[in-house]
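Undergrad: turn this into a structure:
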Amino acid sequence: MTRTYDPNIGWWMALAALLAFAVTFVVATLLLNWITGLLVGLPSALLGALIVMNRRAEKAAFARIEGRPGAAAAALGTLRRGWIVEEEPIQMDPKTQDAVFRVIGKPGVVLVTEGPAGRAQKLGEKTRKRLKPVLRNEVPVHVVQTGRGDKQVPLSKLTKHIKKLDKKLTKHEVHEVDRRMSALPSARPPIPKGVDPYRARPDRKALRG
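TA: Numbering: from 1, shown residues only. As a prediction, this is how the structure comes out:
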């Protein structure tokens, strides 16, 4: 999968392995001896190649799903402990398939939109207003647009962007907000019987790297 997206992955891995081996071998040889340098350099070379492969595999995974319905949910699924991710959209336009996904964490409630910048902004603000009566002004609500347009966040940088938001809530408050959110009805149209496109997920191990 990664080679399809990045045909030069093998060369990048080889270069990373060579650089990692050279640096660790020289340092260990100068400080100790060449045998130790060899013993330390070989695992370092393997580690360097694996790190490059994981990074490239992650980019390839995001490239395959970017622009598809539910891509944002797949990316959000890589968030680890401390985050409560709603896998299905809490708001969706049945005509355009623009959607809003919800994440709750210490920064507050994060609404992640899918769709063109103009439409996504309107849908995100509409969802924010719907949450105000429940959250009042106690909990921050952030709207993050995914995509390649102006003021949008690329899918591959989505989780990093969310993690950098200022933290305002405690762990207990996060769960209390989730309880309040769970009481709200979903504003997405019913999905016909059969395959749910929002439950079709890429390999999360590849996304995590």
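
Undergrad: return the distance of stretch 142-151 from the chain's centre.
TA: Stretch 142-151 sits 13 Å away from the centroid of its parent chain (Cα atoms, centre = their mean, to the nearest Å).

Undergrad: okay, now Leu79: neighbour count?
TA: 18 (other Cβ atoms under 10 Å). For the C-beta atoms, the positions are set from N, CA and C on the backbone; glycine is no exception.

Undergrad: typo on my end, it should be His172
TA: 8.

Undergrad: likewise Thr36?
TA: Residues lying near Thr36 (other Cβ under 10 Å) number 14.

Undergrad: swap in Ile9?
TA: 17.

Undergrad: equivalent analysis for Gly37, please.
TA: By the criterion of other Cβ under 10 Å, Gly37 has 19 neighbours.

Undergrad: contacts for the helix or strand hosting Arg130 next, please.
TA: Under the criterion of DSSP states H and E, Arg130 resides in helix 117-135. Helix 117-135 has contacts (Cβ atoms under 8 Å, 6 or more residues apart in numbering) with 90-91, 93, 96, 98-100, 109, 111, 113-115, 141, 143, 145, 147, 149-152, 177, 180-181, 183-184, 187.

Undergrad: break the chain into its domains for me.
TA: Taking automatic domain parsing as the reference, the chain has its domains at 2-65, 71-189.

Undergrad: let's have the ones you listed in JSON lines, adding mean pLDDT.
TA: Below are the domains of the chain laid out as JSON lines (pLDDT from 0 to 100):
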{"stretch": "domain 2-65", "mean pLDDT": "86"}
{"stretch": "domain 71-189", "mean pLDDT": "84"}
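
Undergrad: for the residue lying closest to Ala28 once chain neighbours are set aside, pull up the helix or strand it's in.
TA: Closest residue in space to Ala28, ignoring its immediate chain neighbours: Gly37 at 3.8 Å, by Cβ to Cβ, 6 or more residues apart in numbering. Using DSSP H and E, Gly37 falls within helix 34-65.
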